[in-house]
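Asker: How does the following fold in three dimensions:
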Amino acid sequence: MDAQGVDRNLDEATRLFRLAAFAGSSDGMVQLGRCFLRGHGVVKDRMEALNLFRKAAGQGNVDGKVQLGICLKKGVIVQKDVAEAIRLFREAEEMGNLDGCAELAICYMDGEGVAADIEKGIRLFRKAAEAGNSSAQCELGYYYTEGIGVERDYAEAARLFHLSMESGNMDGYACLGQCFAYGFGVEKDLNEALRLIRISADLGNTSGISCLGLLQYMQLEI
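Answerer: A predicted model of the protein is given here:
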């Protein structure tokens, strides 16, 4: 599909999200908020995104709670409020939301807003990863490569990165590419490393761009 086709699809998707949101759909509000946050099909407007996430969360929408929590944790347009963010992540996790579970895990791993608890963070990441959350799979894979909270296991890390990649996670592509570049948990294959990392980088993923630059800097024979 050409760029015009992609733009037309984004415009149509945004139009439908807008109709749903204006009709009172909290799911529509969350999707439209994501469009405003990223500038997909609309002019980027983080304040409008925040307002939509807040409204959806107020209606009990679990994805709205997570998105609002992320904004509060990062201080996006609104005053940073990590305690409120954690409350929202915890509510989402208790409602079975995997993104909320992964966000709460990050807080425990980093000790942000809560006492650092690596064991609990790993447990939450594992819960989300085993249920198919691609971000949690990638994060847990990283901790296996570093041996943080778990015994270092490159093969398990590569397996998790592969699962994340299969779900379309661009960080998963970049991380699995690094495994192939260095032979971590897989047979070293520089061509495959470059292929995976380029897919991620070409779509603007910052991890992929960084990894691609590193490969070029190291002047690996690819």
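
Asker: Show me what the helix-or-strand element of the chain with minimal mean pLDDT is packed against.
Answerer: Every helix and strand of the chain was ranked by mean pLDDT, DSSP states H and E. The lowest is helix 3-22, at a mean of 78. Under the contact criterion of 3 or more CB pairs under 8 Å, 6 or more residues apart in numbering; DSSP states H and E, helix 3-22 touches helix 26-38. In this view, the C-beta of every residue, glycine as well, is placed from N, C-alpha and C.

Asker: in the helix it packs on, what counts as buried?
Answerer: If you call a residue buried by 16 or more other CB atoms under 10 Å, then helix 26-38 has these buried ones: 26, 28, 29, 30, 31, 32, 33, 34, 35, 36, 37.

Asker: for stretch 161-179, same thing?
Answerer: 161-165, 169-179.

Asker: On the pLDDT front, check the residue nearest in space to the middle of the chain for me.
Answerer: Nearest residue to the geometric centre of the chain (CA atoms, centre = their mean): residue 135, 4.8 Å. Confidence at residue 135, expressed as pLDDT, is 97.

Asker: ok, the buried residues of helix 26-38 vs residue 155, which is closest?
Answerer: residue 34 (34.9 Å; CB to CB).

Asker: got the contact list for that closest one?
Answerer: 40, 49, 67 (CB atoms under 8 Å, 6 or more residues apart in numbering).

Asker: what about residue 139, how many residues close to it?
Answerer: Close neighbours of residue 139, defined as other CB atoms under 10 Å, add up to 24.

Asker: Check residue 203 too.
Answerer: When neighbours are counted by other CB under 10 Å, residue 203 comes out with 12.

Asker: how close does it sit to residue 70?
Answerer: 21 Å (CB to CB, to the nearest Å).

Asker: try residue 61
Answerer: 14 Å.
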